[in-house]
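Q: Generate coordinates for the sequence data below:
(one chain, ligands or ions: 1)
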Amino acid sequence: MSALLEVEDLTASYGAIRALDGVSFTVPERGFRAILGANGAGKTTLLRTITGLHRAGSGRVLLDGEDITRLPADRVITRGLAHVPEGGGVITELTVEENLRLGALWRTSRRDRATEAEVLELFPPLVERLGRSAGTLSGGERQMLAIGRALMARPRILLLDEPSLGLAPLVTKQIFTLLRDLRERTGLTVVLVEQNAAGALAATDSGVVLNQGRVAAEGDSDELLSDDRTRHAYLGF
Ligand SMILES: Nc1ncnc2c1ncn2[C@@H]1O[C@H](COP(=O)(O)OP(=O)(O)OP(=O)(O)O)[C@@H](O)[C@H]1O
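A: Next up, the predicted model:
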């Protein structure tokens, strides 16, 4: 399987603080990869640097072989990479439908956008809530809306930052299952940043474990789940 996303020796800093220190990994086409690690390990910085929201110091990010390292975030989206930020980033004052439409704004050609009907087919609970403000949704529905909004730009790869944050365990499981189904149904490649390592490893194919801005371990999810040393040292379970 060829790699859709390749991260090569990536570094990123905040002033004197080195948040990413030579991170390399790949994500195959149609892969579902978890990025794990404790608070402050560098997970959010990694996603933001891949997406073009934080400037890389050195190293490269390749999307389907094309160097996107220094492209601004809007151009990264038009290349087919979408990012669901921590908390989802839905606008609570707007309706569900208005939020969905925002996701399509990045794509100027109709051919490159998904239609609302296509996205809603994947998230039936949102259909009857289209006219309601997003602020009235439950946490799980809000995450669905955030994912649906990202899909409006018809991405090839979706990066999510801690979608489980603030959700009950059962709802978290539903969201992870939904992401798996999405991959099966649409061929989407998914990268999931999570502190909930056990849940994420149960859902994904493979994982990358970060510690202090470096890759501490990587492998198939079931291997990482049974690797006691990595679990105890970096994953907290
Ligand atoms: N805006 C910022 N200014 C300065 N330092 C920052 C900033 N954001 C993150 N850092 C530092 O960079 C390092 C990596 O942080 P990052 O948020 O990427 O980790 P994380 O694994 O996503 O953690 P969390 O799970 O808490 O979000 C940490 O040392 C953190 O303190």
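Q: C-terminal to the longest helix anywhere in the chain, what's the next element?
A: In the chain, taking DSSP state H as the definition, the longest helix is helix 169-186. Sequence order places strand 189-194 as the next helix or strand after helix 169-186, per DSSP states H and E.
Q: okay, the angle between that following strand and helix 169-186?
A: Between strand 189-194 and helix 169-186, the angle comes out at 160 degrees (axes from the mean of the first three to the mean of the last three CA atoms, to 10 degrees).
Q: Provide the strand pairings for strand 189-194, with the direction of each partner.
A: Partners of strand 189-194 in the sheet, by DSSP bridges, are strand 32-36 (parallel), strand 157-161 (parallel).
Q: by contact count, what packs against the following helix or strand past it?
A: Sequence order places helix 197-203 as the next helix or strand after strand 189-194, per DSSP H and E. Secondary-structure packing of helix 197-203 (3 or more CB pairs under 8 Å, 6 or more residues apart in numbering; DSSP states H and E): strand 32-36, helix 169-186, strand 189-194, strand 206-211, helix 221-225. (Glycine included, C-beta is placed from N, CA and C.)
Q: The very next helix or strand once past the first one close to the ligand?
A: It stands for strand 32-36. Downstream of strand 32-36, the next assigned helix or strand under DSSP H and E is helix 43-51. Yes: Helix 43-51 reaches the ligand (CB under 6 Å from any ligand atom) through 43, 44, 45.
Q: what residues does whatever helix or strand comes next after helix 43-51 touch?
A: Counting by DSSP H and E, the next helix or strand C-terminal to helix 43-51 is strand 58-63. Strand 58-63 is contacted from outside by 3-11, 22-24, 49-50, 67-69, 76, 79-81, 156-157, using CB atoms under 8 Å, 6 or more residues apart in numbering.
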